[in-house]
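Novice: Just to be clear, the model below is a prediction. Sequence and coordinates:
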Amino acid sequence: MELESALELTKLYEMPQIRSIVVKKLNDKISCPFRKMEFALKHDIKDWIKPCVMDLVERDQRLTFEEALKLGQPISFIVASLRERVNLWGYQYRVHTEPLSRLDEELDNIVRECQQDW
């Protein structure tokens, strides 16, 4: 992928403005939440982490064993834990904003704790 090579060069040669442009183009191009998360972790795109986790939590299928191995223990745990909470809240999660804000707050806390391991 040409954009991935460009992204690696922007990091190597410390070009934050160009990196920002490349990241935006990649954000528009990568639609699969798993692939986007994998890419975010590999290239240290912190702004993608939280939206990717939410997309993985909200998708119909849970993480496969292979996906969990590729994402690593911290992210896989976060996704599984939040999916469990969403399932417990069920319909309430989709209709009311209060549980969603709790989920969002909890995700912020978990991501903050785990960023040290990334």
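Specialist: Perfect, I can see it now.

Novice: and S76, how many residues sit next to it?
Specialist: 17 (other CB atoms under 10 Å). Every residue, glycine included, has its C-beta placed from N, CA and C.

Novice: same question, the one 4 residues further on
Specialist: Counted with other CB under 10 Å, residues neighbouring A80 total 15.

Novice: Not counting residues beside it along the chain, what's closest to it?
Specialist: Nearest residue to A80 in three dimensions, chain neighbours excluded: L63, at 6.8 Å (CB to CB, 6 or more residues apart in numbering).

Novice: Look up how far E2 lies from V23.
Specialist: Going from V23 to E2 by CB to CB, to the nearest Å gives 14 Å.

Novice: rewinding a little: the residue nearest to A80 reaches V53, doesn't it?
Specialist: No - the pair L63 / V53 is not scored as a contact, 11.0 Å apart, by CB atoms under 8 Å.

Novice: shared neighbours of the two, which are they?
Specialist: Applying CB atoms under 8 Å, 6 or more residues apart in numbering, one finds that L63 and V53 are jointly contacted by V79.

Novice: which stretches of the chain aren't confidently modelled?
Specialist: 1, 89-104, 106, 110-118 (pLDDT under 70).

Novice: what sits against I45?
Specialist: V23, F39.
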